[in-house]
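>>> no sequence on this one, just coordinates:
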């Protein structure tokens, strides 16, 4: 038994589902089941990509047929490729979101890019983060105490980002003037999370660029991130988020790219990752489809993975 991490094949975007099963600890305590969804990029009808809501309902349901709630939805940052389908998810009568992790920011999109669902998804995001949210809203940073959340239930999630410096950088220009809401560098203060399964680490860094996001984590969290087991490549494996020193320090055994074929051909950093950690296994959703990784609670058991292709 262990934690299952589903890296969904959603094209040039993100949706990761982490399943923490009910289990009994060595001291005899029963730990509750948890399901965490990190971002959503839902394609209503696309033969190549995963239908996120159908996937969730198919895998996460009770014996009576009811759908298990999302205990924790983490919106790493509200760019469209990370909230696409949020309206569909929020309006689905079968799925409840119990806790909604949000950022403390002033970002507002300048326009909705002619995307058919962007405005509806943004409005759903505003509902979930608002004072009348149907979920419990959580906003936290690396400096907050405690930095580790739900540790009493053994989920062992640590916040690598945002921090105060990255939040400041996102909202203010180099000359100290405040950015307009549409110009807030929201991806530079996005959530970067680490999950520990015993001593094995899974790192989910979202879209932060090499500078300042990874510079900050490398300088301030080096001892936390070294020797990780599983890494989701930053910004879907885009070269703009490749930080050579951090990747070498993390030395992941398995790296997953959540990307599309077009993005991989244009900006993929697979070769850079392979050179930095030549022993790592690299899986790309554009090639492998949805990737499911199991990290066992028993550290003597090997990490396994399966793909949908």
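On my side now, so go ahead. In this text the structure is predicted, and so the values were computed from the model without any measurement.

>>> gap between residue 77 and residue 162?
9 Å (Cβ to Cβ, to the nearest Å). C-beta: built from backbone N, CA, C; applies to glycine.

>>> between these two, what contacts are shared?
103, 189, 190, 191 (Cβ atoms under 8 Å, 6 or more residues apart in numbering).

>>> could you list every residue that touches residue 186?
Counted by Cβ under 8 Å, 6+ apart, residue 186 has contacts 77, 78, 79, 103, 105, 107, 170.

>>> nope, residue 262 is what I was after
residue 12.

>>> Please identify the helix or strand for it.
helix 261-267 (DSSP states H and E).

>>> next SSE after that helix?
Later in the chain than helix 261-267, the nearest helix or strand by DSSP H and E is helix 270-276.

>>> now what about that following helix, what contacts it?
By Cβ under 8 Å, 6+ apart, helix 270-276 touches 233, 237, 239, 242, 244, 247-248, 255, 257, 264, 280, 282, 284.

>>> Any chance of a markdown table for the residues you listed, columns secondary structure and distance to residue 207?
Shown next, in a markdown table, are the contacts of helix 270-276 (DSSP: H, G, I helix; E, B strand; the rest coil; distance: Cβ to Cβ, whole Å):
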| residue | secondary structure | distance to residue 207 |
| --- | --- | --- |
| 233 | coil | 11 |
| 237 | helix | 11 |
| 239 | helix | 13 |
| 242 | coil | 12 |
| 244 | helix | 18 |
| 247 | helix | 16 |
| 248 | helix | 21 |
| 255 | strand | 16 |
| 257 | strand | 13 |
| 264 | helix | 16 |
| 280 | coil | 21 |
| 282 | strand | 19 |
| 284 | strand | 17 |
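
>>> Any chance of a PyMOL selection covering the buried ones in these?
A single PyMOL command is used to select the members of these judged buried by 16 or more other Cβ atoms under 10 Å:
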select buried, resi 233+237+239+242+247+255+257+264+280+282+284
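
>>> longest helix anywhere in this structure?
Ordering each helix of the chain by length in residues (DSSP state H) puts helix 118-129 first.

>>> out of the contacts of helix 270-276, what pair is the most spread apart?
Across those, the longest distance by Cβ to Cβ is 22.1 Å; it joins 248 and 264.

>>> the strands in the stretch 1-150 of the chain, which residues?
For the stretch 1-150 of the chain, the strands defined by DSSP state E, counting those that start in this stretch cover 2-7, 16-20, 23-24, 30-31, 34-38, 40-41, 70-74, 84, 97-102, 136-139, 148-149.

>>> and of those strands, who's closest to residue 307?
Closest among the strands of the stretch 1-150 of the chain, using Cβ to Cβ: strand 2-7, at 9.6 Å.

>>> follow-up on the earlier one: quick check: buried residues in the longest helix of the chain?
118, 120, 121, 122, 124, 125, 127, 128, 129.

>>> my guess is the fourth one meets residue 109, correct?
If I follow you right, that is residue 122. Yes: using Cβ atoms under 8 Å, residue 122 is in contact with residue 109, at 6.4 Å.

>>> who has more neighbours, residue 77 and residue 162?
residue 162 (30 against 25; other Cβ atoms under 10 Å).

>>> quick one: that one from residue 294, how far?
Distance from residue 162 to residue 294, by Cβ to Cβ: 29 Å.

>>> Sketch out the low-pLDDT regions of the stretch 51-200 of the chain for me.
Counting by pLDDT under 70, the ranges of the stretch 51-200 of the chain that qualify are 146-154.

>>> on that earlier part again, go through the shared contacts of residue 77 and residue 162 and name the one nearest residue 96.
residue 191 (21.2 Å).

>>> Including distance to residue 158, could the shared contacts of residue 77 and residue 162 go into TSV?
What follows is those, written out as TSV (distance: Cβ to Cβ, whole Å):
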residue	distance to residue 158
103	17
189	17
190	15
191	11
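
>>> just to revisit the earlier point, point out the least confident member of the contacts of helix 270-276, please.
pLDDT across the contacts of helix 270-276 is lowest for residue 264, at 85.
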